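**Q** Would you be able to build a 3D model of this:
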Amino acid sequence: MIQAHTPAWWRATLALCLGSFLVFINLYAPQPLLPELRAAYGVSTLAISLVMSVATLAVAVSLLVFGPLSDAIGRGGIMRLTLLAAGVLSLGLALAPSFETLLALRAVQGFVLGGLPAVAIAWMGDEFERPALLSAVGLYIGANTLGGIGGRVLGGAVAEVAGSAASFLAVGALTLAGLVLFWKLLPPARAFTPRPFELRGAVADLVGHLRHPQLLPAYLLGGLNFLIFINQYSYLTFRLAEAPYGLGARLLGLIFLTYLGGTLGSSLSGRLAGRLSQPACMMLGIVLLMAGTAVTLAASLGWIIAGLTLNAFGFFLAHSMASSWVGRHAERARGSASALYLVFYYLGASLGGAWLEPFWQRGGWPGVALGSWLVLGMTLGLALWLWWQERSAPRQVVGV
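**A** Below is the predicted model:
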């Protein structure tokens, strides 16, 4: 087993962080390009938002495939081959002759992008000692955030100079170059033991998680919060691309630097959880997300950026608490319990455009804010329910 902070640990951790970074630059690079792509293909805001939605939906589906598959055939090959496919598909996106082809390629790309997130932490669990695992997971999650920021900034910057096709080419080339380094860095698995896949047992575990009174609310909370958070950025690109702001793709990409507020929120979540209960931290994060949405109603670009930063802080605080809540309360098959949380998470992202589009069409950005508050009110209620369950559990034990 690999020990923490040894050369082998650094090599493996660097490889997985690099792989995570490459996954998320591919997933999110098109987001600042949505206004340009909408004009290029002559489609509606709802239609062009599918560029993001079909990819995140495909990621959700793939998590249920690659996780169990890796238990049977190994994890390293899945990570290498899916990254290769993702890079090639980014190059193909640059050449898409029609909107339908673009969507089809994004759906396939989303599916293969799920390969590494589905198995990376399981690979660490196989190969790392427990202290080494905990240290590596923190760095790995940080790479997720940086990949999301980097993809949007790179996508927007290149598109500003040379158009959306060049943006896809740049992301694809970067992915393939990074894959070469990933391939060399990732050490061979030494502790992996293949297990035969049993469909009946896997389905029974998933059904059990969905029936668990402390897991299902957390699944819904994570998915619904992400439905709002990620799709607000999509509609904000439309708002800021129009008068009076008139921002180009490069500046729209820089807007996503507000994600750094989420990096801060994630890093402080552990300290806050030491003072407040996890459900209380979830409630705090949701309230901050609601408040940040209110700040974005201001006309000033500076206040909009401040609101987005507050949104990111609140969202990632709630997300980190909800995901750790699942790991803490799953009574068995924790791997599938965590994978199911991610399924809800990305499924929510894929459905956000369908929910917010009517609000955008009728009320513009204030309409989007209203649609956001309606959903966030539901997730606040879910967090309150989890808080009540946690508070009542000791009394239930005493009464037995």
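**Q** alpha carbons only for contacts and neighbour counts from here, please
**A** Will do.
**Q** Low-confidence stretches in the stretch 51-200 of the chain?
**A** Counting by pLDDT under 70, the stretch 51-200 of the chain shows low-confidence ranges at 134, 138.
**Q** So which residues of it form helices?
**A** Ranges of helices in the stretch 51-200 of the chain, per DSSP state H, counting those that start in this stretch, are 76-93, 99-113, 115-127, 130-162, 164-185, 199-211.
**Q** how big is the angle separating the second one from helix 76-93?
**A** What that stands for is helix 99-113. Put simply, helix 99-113 runs at 160 degrees to helix 76-93, going by axes from the mean of the first three to the mean of the last three Cα atoms, to 10 degrees.
**Q** Helix 99-113 packs against which elements?
**A** With contacts taken as 3 or more Cα pairs under 8 Å, 6 or more residues apart in numbering; DSSP states H and E, helix 99-113 sits against helix 7-28, helix 45-73, helix 76-93.
**Q** Does Pro213 belong to a helix, a strand or coil?
**A** coil (DSSP: H, G, I helix; E, B strand; the rest coil).
**Q** give the contact list for it.
**A** By Cα atoms under 8 Å, 6 or more residues apart in numbering, no residues touch Pro213.
**Q** Need phi/psi at it.
**A** The phi/psi pair for Pro213 (degrees, to the nearest 10) reads phi -70, psi -20.
**Q** for Pro30, same thing?
**A** Here is the backbone geometry of Pro30 (degrees, to the nearest 10): phi -70, psi -10.
**Q** contacting residues for it?
**A** Neighbour list for Pro30: Val51, Met52, Arg152, Gly155, Phe168 [criterion: Cα under 8 Å, 6+ apart].
**Q** hey, where'd the strands end up in the stretch 301-400 of the chain?
**A** Here the stretch 301-400 of the chain has no strands by DSSP state E, counting those that start in this stretch.
**Q** rewinding a little: for the contacts of Pro30, give me a markdown table that also has neighbour count.
**A** Listed next are those as a markdown table, based on neighbours: other Cα atoms under 10 Å:
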| residue | neighbour count |
| --- | --- |
| Val51 | 24 |
| Met52 | 25 |
| Arg152 | 29 |
| Gly155 | 33 |
| Phe168 | 26 |
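**Q** How about the contacts made by the residue nearest to Arg195 when sequence neighbours are not counted?
**A** Nearest residue to Arg195 in three dimensions, chain neighbours excluded: Ala72, at 5.0 Å (Cα to Cα, 6 or more residues apart in numbering). Counting by Cα under 8 Å, 6+ apart, Ala72 makes contact with Pro194, Arg195, Pro196, Phe197.
**Q** where does the spatially most central residue of the chain sit relative to Ile228, distance-wise?
**A** Central residue of the chain (Cα atoms, centre = their mean): Tyr346, 6.6 Å from the mean position. Separation of Tyr346 from Ile228 (Cα to Cα, to the nearest Å): 12 Å.
**Q** swap in Ala202?
**A** Distance of Ala202 to Ile228, given as Cα to Cα: 30 Å.
**Q** quick one: which of those two has more around it?
**A** Ile228 (26 against 15; other Cα atoms under 10 Å).
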